[in-house]
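In: okay, here's the prediction I keep looking at, along with the sequence it came from:
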Amino acid sequence: MAKLSLFERRRRRVRTALRSRGGDRPRLSVHRTGRHIYAQIIDDAGGRTVAAASTLGGKSSGANLDAAAKVGKDIAAAAKKAGVTTVVFDRGGFLFHGRVKALADAAREGGLEF
């Protein structure tokens with residue numbers, strides 16, 4: 001078996017912990033690249049995406065905290081519209097710092113509970 005990268009080890013550890021503690025709540029999954037940031041609310045029981053938001057197609061770049069905060073507010077609004085109020089936060093292998101933290105804080109301000 002090939003040795004896993006630190007990112008992959010973190011991602012697996014986070015996902016395993018979410019499965020044990022998350023219960024039946026939907027998952028707020030975050031993906032970050034150098035240019036954009038993406039967020040989805042996924043219903044794992046039904047296997048479908050309930051809501052999504054990203055910096056794609058918008059005027060703001062995903063490479064700063066302001067754009068990440070805007071995505072957080074957008075995902076919270078989309079979740080309310082879909083009837084979701086509580087989620088479990090899946091940061092993947094990304095550290096809870098910088099843009100990921102800004103997105104999470106903005107989503108909490110927007111009304112999501114996690």
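Out: It's in.
In: could you dump the biggest helix by length in the chain to CSV, C-alpha only?
Out: For the chain, the helix with the greatest residue count under DSSP state H is helix 65-82. The C-alpha trace of helix 65-82 is given here as CSV (Å, rounded to 0.1, in the frame of the first residue of the first chain):
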residue,chain,number,x,y,z
LEU,A,65,-11.2,36.0,3.0
ASP,A,66,-14.0,38.3,1.8
ALA,A,67,-14.9,35.9,-1.1
ALA,A,68,-14.9,33.0,1.3
ALA,A,69,-17.2,34.8,3.7
LYS,A,70,-19.5,35.6,0.9
VAL,A,71,-19.7,31.9,-0.1
GLY,A,72,-20.5,31.1,3.6
LYS,A,73,-23.4,33.5,3.6
ASP,A,74,-24.6,32.2,0.2
ILE,A,75,-24.5,28.5,1.4
ALA,A,76,-26.4,29.5,4.6
ALA,A,77,-29.1,31.2,2.5
ALA,A,78,-29.4,28.3,0.1
ALA,A,79,-29.6,25.9,3.0
LYS,A,80,-32.4,27.9,4.6
LYS,A,81,-34.3,27.9,1.3
ALA,A,82,-33.9,24.1,1.2
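In: and for that helix, what's in contact with it?
Out: By CB atoms under 8 Å, 6 or more residues apart in numbering, the residues outside helix 65-82 that reach it are 28, 37-41, 50-55, 58, 60-62, 85, 87, 98-100, 102-112. C-beta coordinates here come from the backbone N, C-alpha and C atoms, glycine included.
In: and it, which residues are buried?
Out: 67-79 (16 or more other CB atoms under 10 Å).
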